[in-house]
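>>> predicted model and sequence follow; I will ask about them next.
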Amino acid sequence: MPPDMDEAKIHELVQKKCDEEVDIDLEVVCMDSDAAYIVVIAKKDVSGKVEDALRSGGFAKSSLGL
(Lines give C-alpha, C1' and ligand atoms only; values in the text may rest on other atoms or scores of the structure.)
Protein backbone atom coordinates (compact mmCIF):
# COMPACT_ATOMS: atom_id res chain seq x y z
CA MET A 1 0.00 0.00 0.00
CA PRO A 2 1.48 3.37 -0.91
CA PRO A 3 2.55 5.40 2.16
CA ASP A 4 -0.05 8.15 1.68
CA MET A 5 -2.92 5.68 1.25
CA ASP A 6 -5.52 5.04 3.94
CA GLU A 7 -8.85 3.22 4.00
CA ALA A 8 -10.82 6.26 2.82
CA LYS A 9 -8.46 6.78 -0.12
CA ILE A 10 -8.70 3.11 -1.07
CA HIS A 11 -12.50 3.34 -1.11
CA GLU A 12 -12.21 6.50 -3.23
CA LEU A 13 -9.82 4.78 -5.65
CA VAL A 14 -12.19 1.84 -6.12
CA GLN A 15 -15.24 4.06 -6.66
CA LYS A 16 -13.36 6.27 -9.11
CA LYS A 17 -12.05 3.37 -11.22
CA CYS A 18 -15.28 1.34 -11.29
CA ASP A 19 -18.09 2.32 -13.65
CA GLU A 20 -20.67 1.86 -10.95
CA GLU A 21 -21.12 2.35 -7.22
CA VAL A 22 -19.60 -0.70 -5.56
CA ASP A 23 -19.96 -1.73 -1.95
CA ILE A 24 -16.78 -3.17 -0.45
CA ASP A 25 -15.70 -4.09 3.05
CA LEU A 26 -12.08 -3.22 3.70
CA GLU A 27 -9.71 -3.77 6.60
CA VAL A 28 -6.00 -3.14 7.02
CA VAL A 29 -4.75 -6.38 8.57
CA CYS A 30 -1.05 -5.71 9.06
CA MET A 31 1.51 -3.03 8.28
CA ASP A 32 5.29 -3.10 8.45
CA SER A 33 8.06 -1.00 6.92
CA ASP A 34 7.89 -2.88 3.61
CA ALA A 35 4.23 -3.58 3.02
CA ALA A 36 0.66 -3.27 4.17
CA TYR A 37 -1.78 -6.12 3.95
CA ILE A 38 -5.46 -5.48 3.43
CA VAL A 39 -8.51 -7.68 3.12
CA VAL A 40 -11.19 -6.55 0.69
CA ILE A 41 -14.56 -8.23 0.45
CA ALA A 42 -16.75 -7.50 -2.58
CA LYS A 43 -19.64 -9.18 -4.35
CA LYS A 44 -18.50 -11.73 -6.90
CA ASP A 45 -20.03 -9.85 -9.85
CA VAL A 46 -17.83 -6.77 -9.20
CA SER A 47 -14.74 -8.48 -7.76
CA GLY A 48 -12.81 -8.28 -11.04
CA LYS A 49 -13.46 -4.54 -11.33
CA VAL A 50 -12.42 -4.01 -7.72
CA GLU A 51 -9.23 -6.02 -8.22
CA ASP A 52 -8.39 -4.06 -11.38
CA ALA A 53 -8.99 -0.77 -9.55
CA LEU A 54 -6.69 -1.81 -6.70
CA ARG A 55 -3.97 -2.97 -9.10
CA SER A 56 -4.13 0.40 -10.89
CA GLY A 57 -3.40 2.00 -7.51
CA GLY A 58 -0.26 -0.05 -6.93
CA PHE A 59 -1.69 -3.01 -5.03
CA ALA A 60 -0.69 -6.60 -5.75
CA LYS A 61 -2.67 -9.76 -5.12
CA SER A 62 -1.22 -11.87 -2.35
CA SER A 63 -1.67 -15.61 -2.21
CA LEU A 64 -1.55 -17.25 1.19
CA GLY A 65 -1.74 -20.76 -0.21
CA LEU A 66 -5.08 -21.49 1.40
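Perfect, I can see it now. Numbering: from 1, shown residues only.

>>> can we go C-alpha only for contacts and neighbour counts from here?
Will do.

>>> mind pulling up the pLDDT for residue 61?
In the predicted model, residue 61 carries a pLDDT score of 81.

>>> can you check residue 53 too?
Residue-level confidence at residue 53 comes out at 93, pLDDT.

>>> same deal with residue 43?
pLDDT, residue 43: 92.

>>> check the gap between it and residue 31 for me.
To residue 31, residue 43 is 25 Å away according to CA to CA, to the nearest Å.

>>> mind jotting down where the strands sit in the protein?
All strands of the chain, identified by DSSP state E, fall at 24-31, 36-42.

>>> residues touching residue 49, list them.
With contact taken as CA atoms under 8 Å, 6 or more residues apart in numbering, residue 49 is in contact with residue 18.

>>> can you get me a residue count around residue 16?
For residue 16, the neighbour count with other CA atoms under 10 Å is 12.

>>> typed the wrong thing, it's residue 8
Look at residue 8: counted by other CA under 10 Å, it has 9 neighbours.

>>> confidence score at it?
At residue 8, pLDDT is 89.

>>> what sits against residue 29?
By CA under 8 Å, 6+ apart, the neighbours of residue 29 are 36, 37, 38, 39.

>>> go with 7 Å
The contact partners of residue 29, taken as CA atoms under 7 Å, 6 or more residues apart in numbering, are 37, 38, 39.

>>> please report how far it lies from residue 19.
Taking CA to CA as the measure, residue 29 falls 27 Å from residue 19.

>>> next one: residue 23 from residue 55, what distance?
Separation of residue 23 from residue 55 (CA to CA) stands at 18 Å.
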